[in-house]
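Chemist: Using only what follows, build the 3D model:
(chains A and B)
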Amino acid sequence: MFLLADNVWLDAFLRMAIVAVLVPVGVILLTWVERKVIGRLQQRLGPMHVGPYGLLQGLADTIKLMTKEDVRPDSADRPTFELAVFVIVVPVFMAAVAIPFTSDIFVRNMALGLFYFLAVSSLGIVGFVMAGWGSDNKYALLGGVRAGAQLISYEIPLILSAVAVAMLGQSLSLYTLVELQDNTPFIAYQPLAFVIFVIAGLAELYRQPFDIPVAESEVVGGPTVEYSGIRWSMFQMAEFVSLVLISALASLIFLGGWIWPFSADNATWLQIALMATKTSAFILFFMWMRVTVPRLRIDQLMALCWQILLPFAFLQIIINGLVLVYDWPTWTLTILSGAATIAMGTLIYYVSRRSGVLYQTSGAAQRVGSVL
Amino acid sequence: MATTDYTIPGEPDLETIDININVGPQHPATHGVFRMVLTVDGELVTDVDPVIGYMHRGNEKLPENCDYRQVIGYHDRTDYLAQFNTEHCFVEAVEKLTGITPTERSQYIRVILAELNRITSHLMFFGAFSTDVGIFGTAFMYAFRDREYVQDFFEEITGERLMYNYFRPGGLAWDVPDNFRERCTQIIGQINSGLKDLEGLLVDNEIVLTRCRGLSRVSIEDAINWGLSGPLLRATGLEYDLRKAEPYSIYDRFQFDIPTGENGDVYDRLLVRFEEMRQSVRIVEQALADMPDGPIMAEGMKRTLRVPEGEIYMRVEGPRGEYGVYIVATGTDKPYRHKVRGASFSNLSALRAMSVGNYLSDVIIILGSIDIVLCEVDR
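Modeler: All right, here's what the predicted structure looks like:
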């Protein structure tokens, strides 16, 4: 590990400054990428007019958002309304501290990095509830309640799948976890945890098919409905940074981060290239999901979380526990976890396509005609 | 509707109130400028209060001061997604009152255009429905790509993209371009391939299945009592299509099936509409094969069209259901009374019964599945 400055504290400060500068710039670029990708998927060109291939569109949008009038509803609860933005953005940046991008590029190499990341990133829920409550808007209130319910619920499978990986690596340090994957990435041992992690991560990012808190056609943007200008762009930034962070975390703990498929002492450029490739693959996958799948209903979302993802996450932990305690060979992990993944996929497929047992609403809500 | 009892034993009583949520007329999920005031108990909708009238333009009264041929334009504006079907209805009504027989060629062209128009209308429905159900624009863009092919074709024929004003009592305003057949065949190919995309993206999607199946079931009796028509009625399982039940124009010459559903739920409405597009393609193919050459306007049409005294109610099967027009003629060149029966209006009147007791997000879908055109509701 090399130091950016001789003094340790100055070094830490410099690293944080780099994060604070690079992240918003990255977000501006990422919005451009997302608009381009979505445009292509929808047979459009995306932004084309500002700069070559619309490259400066993000910059133009940033300037527009920053110079926009700061509107606050008269009846809004001012401290809650204004604080909510910070409560959402700050934890995202705090979580960025724990992510090592290569063996050299990180802010802090924490012994409990995975734990810290999951703990800090769930703080943003409070911000959503605050925004929903403080806006004094019914759409925002509904969206805030939905966000609270959804994000808290999906924290659990997310954390449990991370716990499964931590069990396997016997460590909560992201650095150590990556170094353990120099031969085989953890996805080979934990396909079930990986699938659960991606689904729960998608829900944590409240993107389609889990964009229920901000559903455009139902609650018109949910908690963000009363925010405009720079405040709104903070929501957007938090969303995009979380997108990058969840993608980076998934590539670190499941795809072998900067090491796999090469050796542990890769050159720095190769490490950066590996991480960038893996992270972008996840980001592109999330964007692809965003434009192709419809939205679930709130009770179906909850059913998916509590009735399918959570039991299977526990199953993964039990499998890991058995293998670790009885010292079975590692390939049994692959087989057991793979079989459980197939079982979960079959169950979800069966439920959605064949019967609809788990997703049905109560009978009273279904019958029509009695209300007239 | 009773509110949920939230009291917990041993805890002080919590008073809960239902809140009103306004959806529309400026809400991303409203169709047109429809507005509904929802009373919600958490996520459950306990009451729906539809508010209409934002689009009222007097489309029934204004034609009473117009020459019969000028009225056609008002029918374009009544249902702006099924212009040819509405024009067809009015033109047929006038022809029946006056006793004009339209020429063979014009009849075939009318049917082809009306069926293609049904396809564009249903494509528009699938596009709008996909955004209601939460797809971020992709299915919408795919549906609109196919709709655009047909729209361009209509523009080539009529010179207009939206308000075609092409049918006339006795025939058509002018003949179709020479390459009509080739263009039609080409468009059918494009639609057929586009339908496959749409099926995979929307109709056969697992989440759509999960969301829509079993949602807002309507029985045949309820559907008849509420006056539902079109795909909503057929989704309940009743095989009722005016093109078969009461064949107008030359529909009795074509082979086609009436797709019906089983449960009357939202998903069946989707399937019925999807299958109807395929059946429309079938009709267009048959009509293209049989289409004769010849004049496009009946002989002996006068500059001023005076309709003899009498009254008529003419109805056609529009994409949304029964579209009817009632005309009282007094022997002058203007209708004395002109009344339109819009399918959207009747179907929309069942909205409250269909949606109360469902989740907020489902009410949006139910509204989408009715497929209203607000110009037809408010007129």
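
Chemist: hang on, isn't residue A:148 packed against residue A:127?
Modeler: No. In this structure residue A:148 lies outside contact range of residue A:127 using C-beta atoms under 8 Å: 10.5 Å. C-beta here means a position set from N, CA and C on the backbone, and glycine is covered the same way.

Chemist: Model confidence score at the residue in chain B positioned nearest to chain A, please.
Modeler: Closest residue of chain B to chain A, C-beta to the nearest C-beta: residue B:134 (2.7 Å). Residue B:134 carries a pLDDT value of 84.

Chemist: give the contact list for the closest residue to it other than its chain neighbours.
Modeler: Excluding the flanking residues, the one nearest residue B:134 by C-beta to C-beta, 6 or more residues apart in numbering or on different chains is residue A:295, at 2.7 Å. Contacts for residue A:295 (C-beta atoms under 8 Å, 6 or more residues apart in numbering or on different chains) come out as A:208-212, A:215, B:133-134, B:207, B:211, B:361.

Chemist: Which among those count as buried?
Modeler: A:208-212, A:215, B:133-134, B:207, B:211, B:361 (16 or more other C-beta atoms under 10 Å in any protein chain shown).

Chemist: so where's the stretch 1-150 of chain B shaky on pLDDT?
Modeler: B:1-14 (pLDDT under 70).

Chemist: Ok, chain A next?
Modeler: A:1-5, A:354-372.

Chemist: Helix, strand or coil: sort out the closest residue to chain B within it for me.
Modeler: Nearest residue of chain A to chain B, counting by C-beta to the nearest C-beta: residue A:295, 2.7 Å away. Three-state call for residue A:295 (DSSP: H, G, I helix; E, B strand; the rest coil): coil.

Chemist: how close does it get to residue B:37?
Modeler: 23 Å (C-beta to C-beta, to the nearest Å).

Chemist: near chain B, which residues of the stretch 101-250 of chain A?
Modeler: Contacts of the stretch 101-250 of chain A with chain B, taken as C-beta under 8 Å from any C-beta of the partner chain, map to A:138-139, A:142, A:145-146, A:208-209, A:211-212, A:215-218, A:220.

Chemist: Going by distance to residue B:331, which of those residues wins?
Modeler: Comparing these against residue B:331 with C-beta to C-beta places residue A:217 closest, at 51.4 Å.

Chemist: and the closest residue to the closest one other than its chain neighbours, how many residues sit next to it?
Modeler: Excluding its sequence neighbours, the residue lying closest to residue A:217 (C-beta to C-beta, 6+ apart) is residue B:29, at 3.9 Å. Burial measure for residue B:29: 23 neighbouring residues, criterion other C-beta atoms under 10 Å in any protein chain shown.

Chemist: And residue B:29, how close does it get to residue B:21?
Modeler: 11 Å.

Chemist: for chain B, which helix is longest?
Modeler: helix B:104-133 (DSSP state H).

Chemist: what comes up buried for the helix or strand that comes right after it?
Modeler: Downstream of helix B:104-133, the first helix or strand assigned by DSSP states H and E is helix B:138-158. Buried residues in helix B:138-158, counted by 16+ other C-beta under 10 Å: B:138-147, B:149-151, B:153-154, B:157-158.

Chemist: of those, list those near chain A.
Modeler: Checking the buried residues of helix B:138-158 against chain A (C-beta under 8 Å from any C-beta), the matches are B:138, B:140-142, B:145.

Chemist: ok, residue 78 - contacts?
Modeler: If you meant another chain, say so; for now it's chain A. With C-beta under 8 Å, 6+ apart, residue A:78 has these contacts: A:72, A:134.

Chemist: that's the wrong chain, I wanted chain B
Modeler: Listed by C-beta under 8 Å, 6+ apart, the contact set of residue B:78 reads B:59, B:86, B:340, B:342, B:375-376, B:379.

Chemist: Over to residue A:118?
Modeler: Contacts of residue A:118 were listed using C-beta under 8 Å, 6+ apart, and they are A:155, A:158-159, A:162.
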